[in-house]
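Trainee: Everything below, folded, please.
(chains A and B)
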Amino acid sequence: MRYRWTITLILFIVTGAVLINACKKTGAPVHQARPVDFVVPDGFPDPVYRFENNPLTEEGFALGRKLFYDGRLSKDNNFPCASCHQQFAAFATFDHPLSHGFNNQFTKRNAPGLFNMAWLKEMHWDGGINHIEVQPLAPITAPNEMAEDIGNIIAKLEQDGTYREMFRQAFGDEEITSQRMLLALTQFVASLVSADSKYDRVKKGLAVFNVSEQEGYRIFQAKCASCHTEPLFTDLSFRNTGLELNTYLMDYGRMEITNNPADSLKFKVPSLRNVALTGPYGHDGRFTGLSQAINHYAEGVAPSATLDPALTNGIPLDDVETFYLREFLFTLTDSSFIGNKRFAAPE
Amino acid sequence: MKGLSSYFFYLPYGACLAFLLLSCNRENSIEWERPADRGELKIVFQHVVKDAPLSFGDEYLNDWGERYNVHSFKYYIHDIQLISAEGDAVSVSSDYFLVDEGLPASKQLELSAPEGLYNAIVYTIGVDSARNVSGAQTGALDPTLGMFWTWNTGYVMAKLEGHSPASPGVNQEFSYHVGGFKWPYITIKQVMLLPPDTQAFEVSKKKLSTLNIRADVNAWFSYHIPIRIAENPASHAPGELAKKLADNYEGMFSVSSIKTE
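Mentor: Numbering: from 1, shown residues only, chains lettered A, B, ... in the order given. Below is the predicted model of the structure:
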């Protein structure tokens, strides 16, 4: 009698397991990507980009990181995103007014640092890009930058088994599309958060400004913060700061996007975070050093029809104030960001 | 007696087996909601210049006496609806289609619509503003299809390129890449087309209904606003000229015939 019970029980369990398995839809890929939390630093506003249709995962980030550092995204395989966006320069181009692109050409504008990108409503000095996911298409296809065709890139990546496997891990199967490439790049770039400078530690009560920095902060708040608004150190607006038209580049900034003469010579207010690392300064890199850039507001503002009203008389700053201001701006350098191995070129 | 009791013994097993089979069945095959019957609806775009079929490289004449040929002609279509005899809009497809003279298969849309009698077809030319500001897209909206501006985010809604001796442009080319989704330079156009005899047409599950729709390139130069190649050889950004071209291409479509078989 006992053996009968045992047989029945085994029969029951086996059949049940078989049936439950049969019930499952066959062929559905098992999506193993591990989710990553996007952490908004204390005091920061809500980000613009929320990874809503692009869930942040370890695998998506790793793929984006590999793509960011891969020269195959350019026509001659020499210009990865990272050629103009160097981590040690807070992802700007170190010491270059304009960056170098395909076939010995220069870019039209100074490469901005890449950090806190998830808070930007528009990318580029002229705000021409309305969504972070589609930004990479601009430098990739620009003939004087990476000069490549997206279809060619996909063909190059498809030949690489490592990429096929990484796309599978990130998106569930090996298919490589422009959309998946852009989503992965966005996972990497939007994860570049910089919020651990001395300034941030002072704000958290973990450090104190020295006397010079404190005085610089006071001057900053009185004279600069209306445009370079904390905590992003930009109000994300477009303004004409009295830089005369560069007659070689003939760059009218925001007007080239809006066709509106009222936007002539307006450019995006850049963040001042990591500013000590991102020189030269200005949309065309015309100011070599920080002192020159500050001095422009004291002495160099050129009048024009679209000049920002706040700059009609420039910003009076004497040499002593400029010194203190610089001391404060140095506290915006985020050493842990530029040293973060997670953001460095993959091994 | 002994035999019967041994059957009872397996009763719980049998019951569980039946339950599992049933629950499996319910999940997979019982339809909770029965969709309305649909009939096949085929939309065929016929590209023409006035009364002549469009053929790449052939020479045509616009209303301003300018000779030209065409080597690229494509446009986005989406949000296809039918207007029922009662005047209700019935959605046929919310997908995007890139109709391309260079890809004959793209000129035939094989769709289905709820059965009924319809008075008109409505669709939108271009890519709606939401899709212009929502980041990376795929399918018909994949930026690799060459209908996307990378430096000033937005889709090219429609494209017409060719050569004309009237063009002052490089190699006598003219090229109209028309886009713009922001006021006042909006180039997204919804069109409503009536059958040629304004008679209602039928969609039925027993038949295939084919709408033949003509798209007349000539309209780009003169439907609403005169556009001369000599004065306007190129449109490559949102703006006044793009808006005028859109006001013109809005009028390029007409239903040439409807077949039900």
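
Trainee: Apart from its neighbours in sequence, what residue is nearest the closest residue to chain B within the stretch 101-250 of chain A?
Mentor: Scanning the stretch 101-250 of chain A for proximity to chain B using C-beta to the nearest C-beta identifies residue A:133 as nearest, at 3.3 Å. Using the backbone N, CA and C atoms, a C-beta is placed for each residue, glycine as well. If you skip the residues right next to it in sequence, residue A:133 has residue B:135 as its closest partner in space, 3.3 Å away by C-beta to C-beta, 6 or more residues apart in numbering or on different chains.

Trainee: Just the buried positions in stretch B:53-68, please.
Mentor: For stretch B:53-68, a neighbour-count test (16 or more other C-beta atoms under 10 Å in any protein chain shown) marks B:54, B:60, B:62, B:66, B:68 as buried.

Trainee: mean confidence score for it?
Mentor: With pLDDT averaged residue by residue, stretch B:53-68 scores 98.

Trainee: Then stretch B:186-198?
Mentor: Averaging pLDDT along stretch B:186-198 gives 95.

Trainee: give the contact list for the residue of the stretch 101-250 of chain A closest to chain B.
Mentor: By C-beta atoms under 8 Å, 6 or more residues apart in numbering or on different chains, residue A:133 lies in contact with A:54, A:182, A:183, A:186, B:135, B:136.

Trainee: a strand runs through it, doesn't it?
Mentor: No: per DSSP: H, G, I helix; E, B strand; the rest coil, residue A:133 lies outside any strand segment and is helix.

Trainee: re earlier: okay, the contacts of residue A:133 in CSV with distance to residue A:336 next?
Mentor: Listed next are the contacts of residue A:133 as CSV, based on distance: C-beta to C-beta, whole Å:
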residue, distance to residue A:336
A:54, 26
A:182, 28
A:183, 27
A:186, 23
B:135, 29
B:136, 30
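
Trainee: about what we covered before: among the buried residues of stretch B:53-68, give me the pair with the biggest separation.
Mentor: Maximum pairwise distance in those, criterion C-beta to C-beta, is 16.4 Å, between B:54 and B:66.

Trainee: Reformat the buried residues of stretch B:53-68 as TSV; add secondary structure and distance to chain A.
Mentor: Supplementary listing: the buried residues of stretch B:53-68 in TSV, determined by DSSP: H, G, I helix; E, B strand; the rest coil; distance: C-beta to the nearest C-beta, whole Å:
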residue	secondary structure	distance to chain A
B:54	coil	26
B:60	strand	31
B:62	coil	27
B:66	coil	27
B:68	strand	27
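
Trainee: Is residue A:183 in contact with residue A:59, as I believe?
Mentor: No: counting by C-beta atoms under 8 Å, residue A:183 sits too far from residue A:59 to count as a contact (11.6 Å).

Trainee: how about the residue nearest to residue A:133, what does it touch?
Mentor: Under the criterion of C-beta under 8 Å, 6+ apart, the contact list for residue B:135 reads A:53, A:54, A:131, A:132, A:133, A:134, A:182, A:186.

Trainee: Then it would be within a helix, right?
Mentor: No: with three-state DSSP as the criterion, residue B:135 is coil rather than part of a helix.

Trainee: mind listing what the closest residue to residue A:259 other than its chain neighbours touches?
Mentor: For residue A:259, ignoring the flanking residues on the chain, the nearest one in space by C-beta to C-beta, 6+ apart is residue B:239 at 5.2 Å. With contacts taken as C-beta under 8 Å, 6+ apart, residue B:239 has the following neighbours: A:259, B:180, B:185.

Trainee: The spatially closest residue to residue B:230 that is not a sequence neighbour and chain A, how far apart?
Mentor: When the adjacent residues along the chain are set aside, residue B:230 lies closest to residue B:166, with 4.4 Å between them (C-beta to C-beta, 6+ apart). Residue B:166 sits 26 Å away from chain A, taking C-beta to the nearest C-beta, to the nearest Å as the criterion.

Trainee: neighbours of residue B:166, just the number please.
Mentor: Around residue B:166 there are 19 other residues, counting by other C-beta atoms under 10 Å in any protein chain shown.

Trainee: looking at it, it is touching residue B:231, isn't it?
Mentor: No: with contact defined as C-beta under 8 Å, residue B:166 does not count as touching residue B:231 (9.1 Å).

Trainee: Do you know the pLDDT at residue 29?
Mentor: No chain in the question, so chain A it is. As predicted, residue A:29 sits at a pLDDT of 51.

Trainee: hm, I was asking about chain B
Mentor: According to the predicted model, the pLDDT of residue B:29 comes to 47.

Trainee: re earlier: when you filter the contacts of residue B:239 down to buried only, what's left?
Mentor: The buried subset of these - by 16+ other C-beta under 10 Å - is B:180, B:185.

Trainee: I'd like the contacts of residue B:239 written out as CSV, with distance to residue B:161 and secondary structure added.
Mentor: What follows is the contacts of residue B:239, written out as CSV (distance: C-beta to C-beta, whole Å; DSSP: H, G, I helix; E, B strand; the rest coil):
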residue, distance to residue B:161, secondary structure
A:259, 22, coil
B:180, 18, coil
B:185, 20, coil
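
Trainee: how close does the residue in the stretch 101-250 of chain B positioned nearest to chain A sit to residue B:106?
Mentor: Here the stretch 101-250 of chain B gets closest to chain A at one residue, residue B:135, 3.3 Å apart by C-beta to the nearest C-beta. Using C-beta to C-beta, to the nearest Å, one obtains 25 Å as the distance from residue B:135 to residue B:106.

Trainee: Then residue B:38?
Mentor: When distances are taken as C-beta to C-beta, residue B:38 and residue B:106 turn out to be 23 Å apart.

Trainee: For the stretch 101-250 of chain B, which segments are assigned as strands?
Mentor: With DSSP state E, counting those that start in this stretch as the definition, the stretch 101-250 of chain B shows strands at residue ranges B:108-114, B:116-125, B:148-149, B:154-163, B:173-179, B:189-193, B:201-203, B:208-216, B:234-235.

Trainee: Outline the domain layout of chain A.
Mentor: A:58-194, A:198-336 (automatic domain parsing).

Trainee: Name the stretch among the ones you listed that sits most buried.
Mentor: Ranked by mean neighbour count under mean count of other C-beta atoms under 10 Å in any protein chain shown, the domains of chain A are led by domain A:58-194, which reaches a mean of 20.

Trainee: any idea how far that one is from the chain center?
Mentor: Between the mean C-alpha location of domain A:58-194 and the chain-wide mean there is a distance of 10 Å, by C-alpha atoms, centre = their mean, to the nearest Å.

Trainee: Residue B:133 contacts residue A:131, doesn't it?
Mentor: Yes: applying C-beta under 8 Å as the test, residue B:133 and residue A:131 come out as touching, 6.1 Å apart.

Trainee: Residues in contact with both of those two, list them for me.
Mentor: residue B:153.

Trainee: residue contacts, residue 204?
Mentor: Here I'm looking at chain A. By C-beta under 8 Å, 6+ apart, the contact list for residue A:204 reads residue A:42.

Trainee: My question was about chain B, not that one.
Mentor: If you count contacts by C-beta under 8 Å, 6+ apart, residue B:204 has them with B:39, B:115, B:260.

Trainee: Give the bridge partners for the first one, please.
Mentor: Residue B:39 has these beta-bridge partners by DSSP bridges: residue B:113.
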